[in-house]
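A.B. asks: The following block contains a protein sequence and its predicted model.
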Amino acid sequence: MIKFLAFTDLHYDYATHGDERIRQILSRAKSENVDFVVSLGDITAPFEQYDHVLEKLKSSSLPFYTVLGNHDVKVDLYKTMEFLGLKEQYYSFTHGDIKFLFLNSCYYRQGNEEHSFPEIKGEGVDTPIIPKEEMEWLKKELEDDKDYVIFSHHSFTNQFRNRAVRNRQEIFDLFKGKNILLCMNGHDHGDDFKVIDQVPFYTLNSAYGPWIGVPNGDADLMRKYEHLHGYVPYDRALSAVVTIESNVDHKHSGVIRIEGMQVDYESATPAELGLAEPRWNGVSIESKAGSFVIFYDNEKKEISKNQL
């Protein structure tokens, strides 16, 4: 059995009560006795005044892993990697028969050229993408007949306004015939779950809250909530605990339990700000992270949803 906690989109440089949110994340990780902690990106802007954020996240005895988010990569890629303490921009590790892969989706394509964030200039840009070199790396990583869990910042499934990774079909082609247990992503500041070709894709809701601006343009509301910068904060940091129990007698079979959580909004609600339906940018912005149970074997996955 292996257990980990995942969180995403803390946005410490904007967040209310950022230190308390970190404390809540680490407190849940310790109380659940997880093996490691994963950030799905957008921890904070990579500037010196936020050095203490990474220090706090790494202050527990738990191993800490992260992918690069688009708000992390606000400076040169390698300066961001240094800030986050990453030796590689994409990487993997193996625990038993499970390999965990951490992708970097913060790239864009312009013509035949591929570039890392932060700057995206000119017309005819495809963003985000997984670049060719990383695709070759991923192909090789998937050749050892393991079970795989894949982390990325951007979604492979949310096609609302082209938010998903643009070359996702190439990713899906690599997944064929492989034992992909779960793909997890952040970025969309909302809750979503899809299954494509027997691969579960879980979009984890933000540890801070959704960004919706003020949709109805109410001047009084804009003044009242100006300090929120368009975010609708949750009153606690959202996270999800994932437990994977492999069947030792049958290879490529077992059960995955994703335990999300229910919170509330800190002050304003999306409805108060003029959003009639609790969806934004293609995902649910209800104040929760969904919970699921996934039974997997060689041929199929059976998935049930726990209602919070």
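C.D. replies: Yep, that arrived.

A.B. asks: Phe100: what's it in contact with?
C.D. replies: Residues in contact with Phe100, defined by C-beta atoms under 8 Å, 6 or more residues apart in numbering, are 65, 92-94, 148-151. Bear in mind the C-beta positions are built from the backbone N, C-alpha and C, glycine included.

A.B. asks: Three-state assignment for it, please.
C.D. replies: strand (DSSP: H, G, I helix; E, B strand; the rest coil).

A.B. asks: Report pLDDT for it.
C.D. replies: pLDDT for Phe100: 98.

A.B. asks: quick one: the helix or strand containing Lys140 to chain centroid distance?
C.D. replies: Using DSSP states H and E, Lys140 falls within helix 132-141. Its chain's C-alpha centre and that of helix 132-141 lie 20 Å apart, by C-alpha atoms, centre = their mean, to the nearest Å.

A.B. asks: ditto for stretch 47-65
C.D. replies: 18 Å.

A.B. asks: Give me the buried positions along that stretch.
C.D. replies: Residues of stretch 47-65 classed as buried by neighbour count (16 or more other C-beta atoms under 10 Å): 50, 53-54, 56-57, 62, 64-65.

A.B. asks: tell me the strands in the stretch 201-308 of the chain, going along the chain?
C.D. replies: Applying DSSP state E, counting those that start in this stretch to the stretch 201-308 of the chain gives strands spanning 240-246, 254-259, 261-262, 279-280, 283-284, 288-289, 291-296, 301-306.

A.B. asks: from the chain's centre, how far out does the second one sit?
C.D. replies: I take that to be strand 254-259. That offset, for strand 254-259, works out to 17 Å (C-alpha atoms, centre = their mean).

A.B. asks: Then stretch 13-30?
C.D. replies: Using C-alpha atoms, centre = their mean, the offset of stretch 13-30 from its chain centre is 16 Å.

A.B. asks: can you tell me the average pLDDT over that stretch?
C.D. replies: So the average pLDDT for stretch 13-30 ends up being 96.

A.B. asks: cool, and stretch 172-187?
C.D. replies: 96.

A.B. asks: Would you mind measuring the gap between the ends of it?
C.D. replies: One end of stretch 172-187 sits 20 Å from the other (C-alpha to C-alpha, to the nearest Å).

A.B. asks: Is Lys30 located within a helix, as I assumed?
C.D. replies: Yes. Secondary structure of Lys30 (three-state DSSP): part of a helix.
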